[in-house]
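Undergrad: need a structure here:
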Amino acid sequence: MLLIKNALLYTMEDPVPFEGDILICDGKIKQVGRDIAAEGAEVIDAEGLVATPGLIDAHLHTGGFFEDTPGDLNEMTDPVTPQMDAIHAVNVTAEDFLELKKNGVTAGCFIPGSGNVIGGTGFVAKTAGRNLQDMLVLHPAVMKCALGINPKGYGKRGIAPMTRMGVADLLHEALRKAQEYLKKKEAAGEDAAKLPPYDAKCEALIPVLKREIPLKVHCEQFDMLTTISIAKEFGCDYTIEHAWACNLYADELVEGGGSVCFGPIQIPEGTGELTGGDVGFVKELDERGLNVCLITDGPLFAPEVLLISAGEAVRRGVPHDRALRMITINAAKTLRLADRLGSLKPGKDADVVLWSAVPALDTAARVRCTIVNGAVVYQAD
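TA: Presented below is the predicted three-dimensional model:
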């Protein structure tokens with residue numbers, strides 16, 4: 001057992017923070033409150049520190065991109081590769097992966113890159129553990145797709161897609177084929193002779209069509225409208241990734257209902273696709289009831305940018321408590337894991353971060369201790 005005493009608790013469950021304790025047993029939060037006693041428990045005296053749930057980054061390529069190689073998360077031999085799986089490409093001993101827990105990130109969604117129209121499945125894992133299988137939380141978790149400029153690069157090889165029209169067509173066609181494939185499988189029932197020939201791409205998309213996992217779509221500007229339209233046609237769930245210039249499409253995003261994973265911040269402003277990165281744009285979406293979380297796109301941006309993003313959101317007018325939710329419980333909701341992650345509540349995974357000051361409010365806030373599944377995995381000097 002582990003007992004954290006006298007911390008200022010931001011639980012994401014209670015309306016206001018309060019000074020209290022957290023009792024952890026067998027990797028789960030057992031009790032949250034004041035004056036908790038537990039005989040035999042290891043005690044962390046957190047007086048003067050702030051406790052939050054572990055941070056969650058809902059969009060990571062960490063452990064799969066490397067400086068000296070093209071990386072292992074973009075299988076760019078075919079623009080449509082739903083059968084690929086990021087679990088075979090993420091190195092949890094990589095330096096950038098090890099930095100996550102030092103910055104208070106206790107879980108993340110690790111996904112293929114955006115080189116393909118459909119890149120493959122992603123998974124959710126903790127940021128500490130014996131090995132990747134031990135760290136897994138949800139697999140498969142999402143189907144990564146990309147609209148916009150990235151997959152248009154195939155046109156340089158004389159291969160579709162070369163335009164946004166081509167990108168949308170390939171995504172639509174892949175889902176249509178998978179839909180027909182699924183209908184044939186269901187019609188065949190137990191009669192193996194009537195089953196359609198095995199198609200790995202279609203098989204990988206069946207969980208999307210059954211709404212077991214969402215499309216996780218890289219969007220820039222009006223690509224968001226294409227995503228909403230295609231998802232509606234096929235009855236798929238979706239999340240909007242990056243969502244730059246989301247302020248221009250607030251009505252459509254709210255009506256569509258898919259989570260928005262905004263970021264990373266710090267993109268250059270000017271003209272073209274990589275504009276509209278003002279994190280203040282999420283304020284309206286949040287106020288109108290849409291689930292919004294913040295992301296880093298790591299390792300393109302370092303893990304500390306998750307906290308910086310929340311701080312910038314506060315600076316742009318987002319209430320502090322709402323900004324903290326965008327890097328904890330909202331991210332858990334995006335990943336369909338709010339029953340396990342994202343808040344300090346009895347029964348949930350014991351992922352806790354102790355801070356030197358209030359994160360996203362005090363610029364001096366630093367991680368003092370990171371706890372994953374009830375175990376201390378990082379402690380500052």
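
Undergrad: list the strands paired with the longest strand anywhere in the chain, with their directions.
TA: Counting residues, the longest strand found in the chain (DSSP state E) is strand 136-146. The strands that strand 136-146 pairs with in its sheet are strand 118-126 (antiparallel), strand 215-220 (parallel) (by DSSP bridges).

Undergrad: any chance of JSON lines for these, columns distance to Glu287 and mean pLDDT?
TA: (Glycine included, C-beta is placed from N, CA and C.) Converted to JSON lines, those look like this (distance: least, Cβ to Cβ, whole Å; pLDDT from 0 to 100):
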{"stretch": "strand 118-126", "distance to Glu287": "28", "mean pLDDT": "98"}
{"stretch": "strand 215-220", "distance to Glu287": "21", "mean pLDDT": "96"}
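
Undergrad: ok, back up a step: helices or strands up against whatever helix or strand comes next after the longest strand of the chain?
TA: Sequence-wise, the next helix or strand downstream of strand 136-146 (DSSP states H and E) is helix 164-188. Here helix 164-188 touches strand 118-126, helix 200-209, helix 223-234, going by 3 or more Cβ pairs under 8 Å, 6 or more residues apart in numbering; DSSP states H and E.

Undergrad: list the contacts of helix 164-188.
TA: 79-80, 82, 117-118, 145-148, 151-152, 155, 160-161, 194-196, 199, 201-203, 205-206, 208-210, 223, 226, 230, 233-234, 236 (Cβ atoms under 8 Å, 6 or more residues apart in numbering).

Undergrad: what comes up buried for that helix?
TA: If you call a residue buried by 16 or more other Cβ atoms under 10 Å, then helix 164-188 has these buried ones: 164, 166-168, 170-172, 174-175, 178-179, 181-182, 185.

Undergrad: now the buried members of the contacts of helix 164-188.
TA: If we count by 16+ other Cβ under 10 Å, the contacts of helix 164-188 have these buried: 79-80, 82, 117-118, 145-148, 151-152, 160-161, 201-202, 205-206, 208-209, 223, 226, 230, 234, 236.

Undergrad: mind listing what the residue nearest to the spatial centre of the chain touches?
TA: Taking Cα atoms, centre = their mean, the centroid of the chain lies closest to Ala58, which sits 1.0 Å from it. Applying Cβ under 8 Å, 6+ apart, we find Ala58 in contact with 108-109, 239, 261, 293, 295, 331, 334-335.

Undergrad: rewinding a little: reformat the helices and strands packed on helix 164-188 as CSV; add distance to Ala94.
TA: Formatted as CSV, these follow (distance: least, Cβ to Cβ, whole Å):
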stretch, distance to Ala94
strand 118-126, 13
helix 200-209, 25
helix 223-234, 30
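
Undergrad: Leu253 is nearest to which of these?
TA: Taking Cβ to Cβ, helix 223-234 is the member of these nearest to Leu253, at 6.5 Å.

Undergrad: which element follows the closest one toward the C-terminus?
TA: Next along the chain from helix 223-234, counting by DSSP H and E, comes strand 238-244.

Undergrad: name the helices or strands packed onto that following strand?
TA: So strand 238-244, by 3+ Cβ pairs under 8 Å, 6+ apart, packs with strand 215-220, helix 223-234, helix 250-256, strand 259-262.

Undergrad: swap the cut-off to 7 Å and go again
TA: Using 3 or more Cβ pairs under 7 Å, 6 or more residues apart in numbering; DSSP states H and E, the elements in contact with strand 238-244 are strand 215-220, helix 223-234, strand 259-262.

Undergrad: what number of residues lie near Thr328?
TA: Thr328 is flanked by 29 other residues according to other Cβ atoms under 10 Å.

Undergrad: check Glu190 too.
TA: 6.

Undergrad: mind listing what's buried along stretch 53-62?
TA: 53-62.

Undergrad: tabulate the strands paired with strand 136-146 (a markdown table), appending distance to Cys246.
TA: Formatted as a markdown table, these follow (distance: least, Cβ to Cβ, whole Å):
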| stretch | distance to Cys246 |
| --- | --- |
| strand 118-126 | 22 |
| strand 215-220 | 9 |
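
Undergrad: can I get the helix or strand the residue nearest to the centre of the chain falls within in PDB, CA atoms only?
TA: Using DSSP H and E, Ala58 falls within strand 55-60. The C-alpha coordinates for strand 55-60 follow below in PDB (Å, rounded to 0.1, in the frame of the first residue of the first chain):
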ATOM      1  CA  LEU A  55      -1.300  13.400 -17.700                       C
ATOM      2  CA  ILE A  56      -2.600  11.700 -20.800                       C
ATOM      3  CA  ASP A  57      -1.400  12.500 -24.300                       C
ATOM      4  CA  ALA A  58      -3.900  11.200 -26.800                       C
ATOM      5  CA  HIS A  59      -1.700  11.600 -29.900                       C
ATOM      6  CA  LEU A  60       1.900  10.200 -29.800                       C
END
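
Undergrad: ok, then the element right after it?
TA: Next along from strand 55-60, by DSSP H and E: helix 95-102.

Undergrad: report the rounded mean pLDDT for that next one.
TA: Here helix 95-102 scores 97 as its mean pLDDT.
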